[in-house]
Every structure is written in structure tokens, then in C-alpha cells.
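*Asks:* Provided below are the primary sequence and the corresponding predicted coordinates.
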Amino acid sequence: MDRFAKTNLNKNLNKLKVGFIVDGHYLNFQNKAILDYVIENDLFQSPIVFQVIKNYKKKTIFNILRFCLNGKYLTIFLIKIITCIENLHARKKFKNFFLNFSLNNYCNLKFISLNSKKSLSNYYLNFSPDEIKKITSEGVDVLIRFNSGILKGEILNCTKYGILSFHRGDNRINRGGPSGFWEVFNNEESTGFVLQKLNEELDGGDIIYRGSIPTKETWTTNKLSIISKSNFALKKILNYIAKNHSLPPSEEVFLHYKKLYKIDNPVIPLIYILKILCPSIITYFYFRFAPMRKTNWSVAYSKYDGFKTSLFRYKEITNPPNRFLADPFIYSKDNRSIIFVEDYSFKKSKGDISAIELSKGNEKHLGIVLSEEFHLSFPFIFEYKNELYMVPETGSIMEIRLYKCIKFPTEWKFYKTIMKNVSAADNMIIFQNDKWFLFSNICSANTNDHDSELHIFYADNPISNKWIPLKCGNPVLFDPQKSRNGGFITNDGELYRINQIYKNKKYGHSFGINLIEKINENEYSERRISNISPDFKDKIKKTHHFHSNKFFTVIDFCRLI
């Protein structure tokens, strides 16, 4: 073997070798995306697919009768009704999720069959030593579980990094299944997921990644949403293993004390139909024919006094006709203090950026200062080399853009795009520790969920288009109760990030104030100081933004009209 060939061989052997445990000859859309990612990424060797052949225990007449008498068939029937009805709506948004892809299209991959025997309950999979040897002989570093059935025994320890598997539920609360059901059933605000290294304890493996999303209105939509969003975590962890040749640190072990969730009788799906499904259907048809109440955001302000003024005393600014104002940022320059806001037109169904000047206890609308053919909001402003820049939300065109101030405060011009092909919302750019940091609520799954993830990047200058993710990896937060930006303040030399809090299946219900404890190229951490609820003015339903400088403080809130 010549030197060049030997070098290539050594490089390939240093790459991570991933195996996939699958059922049969087909993959769903999300599992296919992970397999394709491993195939196409230079960090990995060509993967191996292990196809599980299941040998079910035959049901006796006694088993069938017992199955009927305890209501299992009725339970299955009711679940089928639920999924059939909910699929009609879910297919509009998640059409790819209902497709199956044949593994026969992967001609260059190696496929190995694994014969299994199911336990008496038909839930657990058992493999003989000869079947385990098929895996160990291939030198696989890590296995990804895409199959149904619970893995037990020696297979859990037959690779260097074990078997990685999702539990799509917050295992601190919800162990069991089915995915996405109980959070809707119990009206929980968030639906969690964990990526775990499997062990013998059901849903009690070593947790190496955790995240959550806002709980959706129905089971099917919630299940497909959590599947879609969690795939990003698996790619991130595989990259980590390939680059560091180790698993990431796992969470500390905790004592689980909740019951195991399972749909084991027909009463549960029947309650779901009456409690969740029927009201959802009625609401859907009601709002197709009845006018929907509009969310009408408004802005209020107060002179800065160290945040001593109660929020109910803040002076409310009157909205222009047929428009609302939201996302206020205050900026002061040349003895002028200007509130920049999202100015949303109900007629155009689109936001522009407007300016409002504050002077001597009064406010003056200066009109629209920035308009595009697409929606604009969240007009965060920063200064760099004596020039002012705005980084408004431009997520509808899948870009993060900068606009430069030509004449303060009324003239702004597009300067450059600093990030493309990204589903991003509510961007902020700050300077700290000799670096510029970009905070952005990016939806890694492109499902328009900007409440769940906070991504942070750094650069040497804020007008760069080479923003580098923090070395701890993005997202730095994966939690709809913490992630979405809602403003930024400094006070007594400390930095505070405002975050929107998702509640009642609506974004921006309230906001939290978080002290930034650490931010650098390597890591980010913050600590919640307080929560602000929407009960400081009459008839308001939500509040999701707060900002301040040394002259004024601004806030927004929402009423229904």
C-alpha cells in the first residue's frame, strides 16, 4: 500500500462509525434525514444499517379474550379515530412526515439482519450472542435506535459509545408514552425531549441532551413538532462525538418518582376526544365563519429612575388608526430620545419600523422610518465606529440584515446581510469582553417555531458576515419558557436579557428578566431575576418586551379587540 492510500485509510479509520437499528425496509422522513446527514458528512465513515427481524410470540385464544375483555381493542379503535382526524390537519404542515422511504435506494450501504425474539409482553427485544457478534465484528462506534421495541441486555454495551435513543417527553415528569400525548392531555405549557444513552432502566438512560418546545393544540401536531425539532439535537451530538471522541457529559442522576404514563384503557382516549379533540374541531370551524378577535399591541414609557416607577404608571402611547405598536427600543442621540417600534398594519398584514420622539412628557409620531416589501419588527439598534445600525427581524425572507442610519432618526438604508438561509427572529447584537455577540431565536427545523431556541454567535466586529457559534454549541437554550428574546437592558454595570415566556399555547404571554452571568466565545449562562405578568394595566392579556437606557424605559402589552 502506497503512502497516499495509507494516509487516506488512517483518516477514514479516525472518523466516527455509526450504526442504525431499524425496523424492516423503510424509514420515515425524519430518520431518513439523519441517515442522509451521516452519509454526506465528512466526519463519519459510511454507516451500517442493522435491520431487526422480529419474531413475535403467538397469541393464544386466552390472550385474545383477555385483550378484548380489558378493553384493549376499544382503546386501539379510539386511538385510530383520533389519529385519522388529526392527520387531516397535520398533513398540511407536516406532509413529508407521512412519507416512507425505501432502504433499497441506498445501494452503497451495508445492511445486516438481526434476528430478535420478543419477550412475553412483546415489548422487549432479546438478541442472542451470535446476533450481538454481528454488531461487534463491524467495529461500530455508536448505535442509533430507530426501531420500535425496547432494547435490553448485552446489545446496550456492544459499542464504544453505546446506543443513543430519543425519549420524546420530559423524563423528569413523563416516562412512557405515546410521544406528545400527555403534555396535550394534561395541558402542560412545554413538551420536552431527551437524547439518552440507553441502559436497562426504561426512559432512565444517561441524559446527554435535553430540550423542549411549546405544547401544541393537538396530540398529532405536538408529536410531529417535537420529532422535527429534536432531530437537530442528534446531529449536534453526533458531531460532538466525532470531533471529541467521547460522549458529552451526562446529567446528574436524579430519583424519578412519577408514575409510568401509558394509554392502557379506553377511558383515556375517550376523555381526550371530549376534552381536546371536539373543542379543537369546534374552534376550527367557528373561526372559519366568525370574526377572530385581533391582538392589539400597545407601547408605554416612563422616565428612567432606576426602575422605581410602577408599570401601571407608565404612559401609554395612542396607536395610529388600524395599526398596532410593539417591540419598542429606546435610543438617545443629539439630545433627542426616540422610541423605535414595530408598526403593524392590519390592512397590509405587515409590519414596518416607525419612530416616536419623546420630549417634555409628550410624544410625537415621526412616521415610518423603514419599510420593505416583507415584514419588519424588533428594531434593535447598536453603535459601531460612531455609526448607528439596526438589526430588525427579517425572518420572512430567511435572512438577518443590517440597516445603516443615514440621518437620525428618520432615514435608514439597507447595509448588508450578515446571515442567509436562516429562520431567525428577534435578533440583538451587543459588545462584551472585547467581542460582539449576536443573539438570535433560530428555528433549526424551519417549522417557524422561534420560541424554543436561543442561538448565540460571536465576531470581532458587528458588521461581519462571519459569525461563529459559541464553542459550547447552539442552541445555548432550548426551552420556550426561557429562549425568545424580548429586549436587553444594562443596570449598574450588569447585563440583563429579557425573554418572552410562552403560556396558554400563545407566545409572548409574559416576560422574564435574566442576569447574564457569563458570556464569552466558549459559553453562556444567565440567571432568572424576576418574571413580569400582564396584570399592570386594565384588560391586558400579554406583555413580551422591555427596554431601557439612561433616559427612558419602554414596555409593550396586548389587549384583544
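*Replies:* Received it, and whenever you're ready, just let me know what you need. Numbering: from 1, shown residues only.
*Asks:* what's in contact with stretch 18-32?
*Replies:* Residues from elsewhere that reach stretch 18-32 (C-beta atoms under 8 Å, 6 or more residues apart in numbering): 34-35, 38, 44-45, 47-52, 54, 96-97, 99-104, 114, 135, 138, 140-149, 151, 159, 163, 227-228, 231, 238. Placement of C-beta: from N, CA and C, glycine included.
*Asks:* again, 6 Å this time
*Replies:* 38, 44, 47-52, 96-97, 99-103, 140, 142-148, 227, 231 (C-beta atoms under 6 Å, 6 or more residues apart in numbering).
*Asks:* Okay, buried residues for the helix or strand hosting residue 52 please.
*Replies:* According to DSSP states H and E, residue 52 maps onto strand 48-55. By 16 or more other C-beta atoms under 10 Å, the buried positions in strand 48-55 come out as 48, 49, 50, 51, 52, 54.
*Asks:* Just the C-alphas of that strand, formatted as PDB.
*Replies:* Extracted in PDB, the C-alpha atoms of strand 48-55 (Å, rounded to 0.1, in the frame of the first residue of the first chain):
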ATOM      1  CA  ILE A  48     -24.100   0.400   8.700                       C
ATOM      2  CA  VAL A  49     -27.800  -0.400   8.900                       C
ATOM      3  CA  PHE A  50     -29.000  -3.200  11.200                       C
ATOM      4  CA  GLN A  51     -32.400  -4.400  10.200                       C
ATOM      5  CA  VAL A  52     -34.300  -6.100  13.000                       C
ATOM      6  CA  ILE A  53     -36.300  -9.200  12.100                       C
ATOM      7  CA  LYS A  54     -39.000  -9.600  14.800                       C
ATOM      8  CA  ASN A  55     -40.300 -12.900  15.900                       C
END
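*Asks:* export the buried residues of strand 48-55 to CSV and tack on distance to residue 455 and pLDDT?
*Replies:* What follows is the buried residues of strand 48-55, written out as CSV (distance: C-beta to C-beta, whole Å; pLDDT from 0 to 100):
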residue, distance to residue 455, pLDDT
48, 33, 97
49, 32, 96
50, 34, 95
51, 37, 93
52, 36, 90
54, 41, 69
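*Asks:* between those, which is nearest residue 442?
*Replies:* If you rank these by distance to residue 442 using C-beta to C-beta, residue 49 comes first, at 31.1 Å.
*Asks:* if you go through the stretch 301-450 of the chain in chain order, where are the helices?
*Replies:* In the stretch 301-450 of the chain, no segments count as helices under DSSP state H, counting those that start in this stretch.
*Asks:* For it, just list every one of the strands.
*Replies:* Along the stretch 301-450 of the chain, the segments classed as strands by DSSP state E, counting those that start in this stretch run 315-317, 323-333, 336-345, 350-359, 362-370, 377-384, 387-393, 399-407, 411-420, 424-432, 435-442.
*Asks:* Just the mean pLDDT for the shortest one, thanks.
*Replies:* Right, the one you point to is strand 315-317. Strand 315-317 shows a mean pLDDT of 97.
*Asks:* what does that strand contact?
*Replies:* Taking C-beta under 6 Å, 6+ apart as the rule, strand 315-317 contacts 298, 299, 300, 301, 363.
*Asks:* Distance check, the closest residue to residue 388 other than its chain neighbours against residue 334.
*Replies:* In space, and not counting its chain neighbours, residue 388 is closest to residue 405: 3.8 Å by C-beta to C-beta, 6 or more residues apart in numbering. Distance of residue 405 to residue 334, given as C-beta to C-beta, to the nearest Å: 12 Å.
*Asks:* for residue 141, same thing?
*Replies:* Here the criterion is C-beta to C-beta. By it, residue 141 lies 61 Å from residue 334.
*Asks:* Which one of those two is surrounded by more residues?
*Replies:* Using other C-beta atoms under 10 Å, the more surrounded residue of residue 141 and residue 334 is residue 141, with 18 against 6.
*Asks:* Looking at that one now. What's its pLDDT?
*Replies:* 97.
*Asks:* Use 47 as the first number for this chain going forward.
*Replies:* Understood, numbering begins at 47; the last thing we discussed is residue 187.
*Asks:* Only the buried residues of the longest helix along the chain, if you could.
*Replies:* As assigned by DSSP state H, the longest helix anywhere in the chain is helix 265-290. For helix 265-290, burial by neighbour count (16+ other C-beta under 10 Å) applies to 265-280, 282-288.
*Asks:* Please apply the same query to stretch 381-393.
*Replies:* For stretch 381-393, using 16+ other C-beta under 10 Å, the buried residues are 383, 384, 385, 386, 387, 388, 389, 390.
*Asks:* Would you mind putting the residues you listed into TSV with pLDDT and distance to residue 464 alongside?
*Replies:* Below are the buried residues of stretch 381-393 laid out as TSV (pLDDT from 0 to 100; distance: C-beta to C-beta, whole Å):
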residue	pLDDT	distance to residue 464
383	97	27
384	98	24
385	98	25
386	98	19
387	98	23
388	98	20
389	98	24
390	98	25
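*Asks:* out of those residues, who's nearest residue 246?
*Replies:* residue 388 (52.6 Å).
*Asks:* Any idea what the closest one is bridged to?
*Replies:* Applying DSSP bridges to residue 388 gives these bridge partners: residue 372, residue 399.
*Asks:* so how far is residue 246 from the residue nearest to residue 310 when sequence neighbours are not counted?
*Replies:* In this structure, residue 310 finds its nearest non-sequential neighbour in residue 121, 7.4 Å apart by C-beta to C-beta, 6+ apart. Plainly put, residue 121 is 28 Å away from residue 246 if you go by C-beta to C-beta.
*Asks:* Of those two, give the one with the bigger neighbour count.
*Replies:* Neighbours per residue, other C-beta under 10 Å: of residue 121 and residue 246, the larger number sits with residue 121, 19 against 11.
*Asks:* Need the three-state assignment for the more buried one.
*Replies:* Of the three states, residue 121 takes helix under DSSP: H, G, I helix; E, B strand; the rest coil.
*Asks:* That one against residue 312, yeah?
*Replies:* Yes. Between residue 121 and residue 312 a contact is recorded at 4.6 Å, counting by C-beta atoms under 6 Å.
*Asks:* Please name the nearest non-neighbouring residue to residue 402.
*Replies:* Spatial nearest neighbour of residue 402, excluding adjacent residues (C-beta to C-beta, 6+ apart): residue 385 at 4.4 Å.
*Asks:* How about residue 386?
*Replies:* Leaving out its chain neighbours, the residue that sits closest to residue 386 by C-beta to C-beta, 6+ apart is residue 425, at 4.2 Å.
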